[in-house]
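Q: predicted structure and sequence below. I'll ask about it afterward.
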Amino acid sequence: MFIRQIDYLLALAKTGHFGRAAEACHVSQPALSTAIQHLEEELGITIIKRGHRFQGFTDEGEKVLQWARILAQNWEGMRQAAAQYSQQLTGILQLGAIPTTLPVTPLLTEPCQLEYPGMTIKLVSHCAEKLIRLLDNFELDLALTYLGDSRLKGFATLSLYRERYVLLARNPDPGLIKSHLSWRDIAGFPLCLLTQNMQNRRLIDAAFREADATPNVKLETDSIFALYAHVRSAGLYSIVPHSMLSQFELHQEVTALPLTPELSREVGLIMRRQSTSSPIQDAAWQIAQQLDLQRRFDAMITTAY
């Protein structure tokens, strides 16, 4: 009963609504409310602010909520450990990724599920700030993001590759295919880029500023696949991390050209630094350590031009 009470409490925190929390837990609303009331009685404190509808948590309730997240994670870890001891690791790997790394995630998720068929993966995409917050709240196990972030102090990090930004072009003029294509050279091209709220775009804008050049942006989108589509079908150019090339259906007429000076960022996995990690976290982390993504991605840009 205690674990169910914890689950009910976390569902209420996530949904902010008694009815939706009950639905998520597959119980009736009165059953959920009664279970939480019993938890309050056992602890001797008021957890929920009550009125005609859910009004949030008391100060004491917020502290209980933090412990509830830790308890839920430890319980799931214990279940996974028991399954691992019987050679049948099962459970849900909660994986987060910044948008520009989404094309890379199958290179991790596939070997994880080949090695552990009982593993289910829940993949979400958010900005780096939200991924860090979700990790802190025990709502994610691992996240794929840029490692050069001062907010990652206190997190375990695993470098997977250094992404290099390239110019994506369709049937480029032979004069462009040279070894020192600069940011100033490409500033006047009709470009399609990610929107300005994304880290990828901020890095590119900074590179143009460093070159004292203003990019000719014709289209902005929040989809990396839309970038490729507009290069291939609309006569635009784009600037993308070379790690994305492995997921595009590269045609002979689409070319990836290196830029000078090189713009690059280190990408890797992050995890809360804690005394005991769950078996499913350990399993995914160990598999990630065996990946040779740098060689794979560098080979793509080498053969692209």
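A: Yep, that arrived.

Q: does residue 45 touch residue 64 like I think?
A: Yes - Residue 45 lies in contact with residue 64 (CB atoms under 8 Å); the separation is 7.3 Å. All C-beta spots, glycine's among them, are computed from the backbone N, C-alpha and C.

Q: which one of these two has more residues nearby?
A: Shown here are residue 45 and residue 64; by other CB atoms under 10 Å, residue 64 has more neighbours (19 against 14).

Q: off-centre distance for the helix or strand hosting the more buried one?
A: Element membership for residue 64 (DSSP states H and E) is helix 59-85. Mean-position distance between helix 59-85 and its chain equals 22 Å (CA atoms, centre = their mean, to the nearest Å).

Q: what pLDDT, on average, does the next helix or strand after it get?
A: Where DSSP H and E defines the elements, the next helix or strand beyond helix 59-85 is strand 91-97. Here strand 91-97 scores 94 as its mean pLDDT.

Q: please apply the same query to stretch 225-239.
A: Mean pLDDT, computed over stretch 225-239, is 92.

Q: quick one: buried residues of it?
A: For stretch 225-239, the neighbour count (16 or more other CB atoms under 10 Å) marks 226, 227, 228, 229, 230, 231, 232, 236, 237, 238, 239 as buried.

Q: for stretch 288-297, same thing?
A: 288, 291, 293, 294, 297.

Q: how about the residues you listed in TSV, adding distance to residue 253 and secondary structure?
A: Formatted as TSV, the buried residues of stretch 288-297 follow (distance: CB to CB, whole Å; DSSP: H, G, I helix; E, B strand; the rest coil):
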residue	distance to residue 253	secondary structure
288	34	helix
291	30	coil
293	26	helix
294	27	helix
297	21	helix
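
Q: so where do the helices sit in the stretch 101-250 of the chain?
A: 106-115, 128-136, 183-186, 199-210, 224-233 (DSSP state H, counting those that start in this stretch).

Q: hang on, the earlier thing: which one of the buried residues of stretch 288-297 sits closest to residue 186?
A: residue 297 (21.0 Å; CB to CB).

Q: low-confidence regions, the chain specifically.
A: Along the chain, the parts satisfying pLDDT under 70 run over 1, 52, 82-87, 178-179, 247-252, 301-305.

Q: would you map out the domains in it?
A: For the chain, automatic domain parsing gives the domain ranges 2-71, 81-161+266-293, 162-265.

Q: need the distance between the two termini of the last one.
A: Between the start and the finish of domain 162-265 there is a gap of 5 Å, counting by CA to CA, to the nearest Å.

Q: all numbers from here: first residue = 211
A: That works, and once the first residue is 211, the last one we named lands at domain 372-475.

Q: quick check: the nearest residue to residue 241 once chain neighbours are set aside vs residue 222, distance?
A: In space, and not counting its chain neighbours, residue 241 is closest to residue 232: 7.1 Å by CB to CB, 6 or more residues apart in numbering. Separation of residue 232 from residue 222 (CB to CB, to the nearest Å): 9 Å.

Q: quick check: neighbours shared by the two?
A: Both residue 232 and residue 222 are in contact with residue 242, where contact means CB atoms under 8 Å, 6 or more residues apart in numbering.

Q: these two: who's more crowded?
A: Remark: of residue 232 and residue 222, residue 222 carries more neighbours, 26 against 21, as counted by other CB under 10 Å.

Q: and the more buried one, backbone torsions?
A: When read as degrees, to the nearest 10, the backbone of residue 222 gives phi -70, psi -40.

Q: which element, helix or strand, includes the residue nearest to it when sequence neighbours are not counted?
A: Excluding the flanking residues, the one nearest residue 222 by CB to CB, 6+ apart is residue 231, at 4.2 Å. Element membership for residue 231 (DSSP H and E) is helix 228-235.

Q: run the chain-centre distance for the longest strand seen in the chain.
A: Longest strand in the chain, counting residues (DSSP state E): strand 365-380. Put simply, strand 365-380 sits 14 Å off its chain's centre (CA atoms, centre = their mean).

Q: ok, back up a step: wouldn't the residue nearest to residue 241 be in contact with residue 245 here?
A: No - between residue 232 and residue 245 there is no contact under CB under 8 Å: 10.0 Å.

Q: and for these two, which residues touch both?
A: Counting by CB under 8 Å, 6+ apart, the common neighbours of residue 232 and residue 245 are residue 218.

Q: contacting residues for the residue nearest in space to the middle of the chain?
A: Residue closest to the average C-alpha location in the chain (CA atoms, centre = their mean): residue 307, at 1.1 Å. The contact partners of residue 307, taken as CB under 8 Å, 6+ apart, are 314, 315, 333, 334, 335, 341, 353, 354, 355.
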